[in-house]
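Trainee: Task: produce atomic coordinates for the following.
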Amino acid sequence: MVCRQDDRRGEQRLRQLIPLVEKLISIFLIGTALIITLKHFNYDIWSIITALGIGSLAIGLAAKDTLANMISGFTLMLDRPFHIGDRIQLAGGQIGDVIDIGLRSTKIKTLDNTYLIIPNSELCNTVLINMAFPDVLSKGRINLGVAYGSDISAVKALLVNTALEIPHVRKDPSPEAFFVSFGDSALNVSLFFWVEDYTKVFSVTDQINCLIAKRFQENGVQIPYPTRTVLMEKD
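Mentor: Okay, here's the model as predicted:
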């Protein structure tokens, strides 16, 4: 399975680099043909090259942000922190799938079906999470609280067995439940589980939550409301 993923990523990388290489080769061939043509008609090539160099410097200073994004685009294509189709989480918390990696910007489709167009220079200088690397296996977490006086060992076993009833939850690694902390009005417990594909975490979480509510009701496990005791003193 790992070999197939590596082969698929290699094919994606090749498909993305081919248009870039073709453009560079075309620019080189056109420039070479132009120089040969001008030299054939006895034009002073060096003066033209000097003028083009000065013009390029002026354009470079005026378009430094665009050039920075283009250089960052080359870096992303070579370094490959993510591929087209990968789901990433940005430093700002946005989560989405990579749709396109261009020379100037990268396009990301978020979970609510909107597009983020991010300059490549920003992506090269920020921290992001690639949910599809090193593989698509993903972990989910459910936090909940049970009433004081509950049998914590029984609650943890019930949570694990409930998660295992869902078809998409992996048995290896197996779900795990932990008693996390003493809350103001509840004993806080966390359930961790693994799914085959990160795209299924939300739907599996929904299924587990619904089944937990049913199993808790069947076994008499209470999820308490937040409570607060107020003592009134008379003067």
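Trainee: need the strands for this structure, in chain order.
Mentor: Using DSSP state E, the strands found in the chain span residues 87-89, 95-101, 105-110, 115-119, 129-130, 138-146, 176-182, 187-195.
Trainee: Can I get the ones you listed in CSV including distance to V230?
Mentor: Quick note: C-beta positions are derived from backbone N, CA and C, even for glycine. What follows is those, written out as CSV (distance: least, CB to CB, whole Å):
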stretch, distance to V230
strand 87-89, 42
strand 95-101, 41
strand 105-110, 44
strand 115-119, 47
strand 129-130, 43
strand 138-146, 21
strand 176-182, 21
strand 187-195, 23
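Trainee: Looking at these, which is nearest to F216?
Mentor: Closest of these to F216 is strand 138-146, at 7.9 Å (criterion: CB to CB).
Trainee: Contacts for that closest one, please.
Mentor: Contact with strand 138-146 is made by 131, 152, 155, 180, 183, 185-195, 197-198, 200-201, 204-205, 208-209, 212, 216, 221-224, as judged by CB atoms under 8 Å, 6 or more residues apart in numbering.
Trainee: are any of the residues you listed buried, and which?
Mentor: Those of those that meet the buried threshold are 131, 155, 186-187, 189-195, 198, 200-201, 204-205, 208, 212, 216, 221, by 16 or more other CB atoms under 10 Å.
Trainee: Tell me which residue lies nearest the centroid of this protein.
Mentor: Centroid check for the chain by CA atoms, centre = their mean gives I88 as the closest residue, at 0.9 Å.
Trainee: closest one to T32 among the strands of the chain?
Mentor: T32 sits nearest to strand 95-101 of all these, at 28.7 Å, using CB to CB.
Trainee: Show me how far the closest one is from its chain's centre.
Mentor: Relative to its chain's centre, strand 95-101 lies at 8 Å (CA atoms, centre = their mean, to the nearest Å).
Trainee: With stretch 28-40 instead?
Mentor: 45 Å.
Trainee: cool, stretch 195-214 as well?
Mentor: 19 Å.
Trainee: Tell me who's in contact with the residue nearest to the centre of the chain.
Mentor: With contacts defined as CB under 8 Å, 6+ apart, the neighbours of I88 are 82, 95-98, 108, 128-132.
Trainee: repeat that with 6 Å
Mentor: 82, 128, 130 (CB atoms under 6 Å, 6 or more residues apart in numbering).
Trainee: Sketch out the low-pLDDT regions of this protein for me.
Mentor: The model of the chain has pLDDT under 70 over residues 1-21, 23-24, 38, 40, 43-67, 235.
Trainee: Break it into its domains for me.
Mentor: Domain segmentation of the chain under automatic domain parsing yields 2-130, 138-219.
Trainee: Return the most buried member of those domains.
Mentor: domain 138-219 (a mean of 16; mean count of other CB atoms under 10 Å).
Trainee: Ends of that domain, what's the gap?
Mentor: Start-to-end span of domain 138-219 (CA to CA, to the nearest Å) is 30 Å.
Trainee: and what of stretch 114-133?
Mentor: End-to-end span of stretch 114-133 (CA to CA): 23 Å.
Trainee: Contacts for that stretch, please.
Mentor: Stretch 114-133 has contacts (CB under 6 Å, 6+ apart) with 68-69, 72-73, 75-76, 82, 86-91, 105-109, 198.
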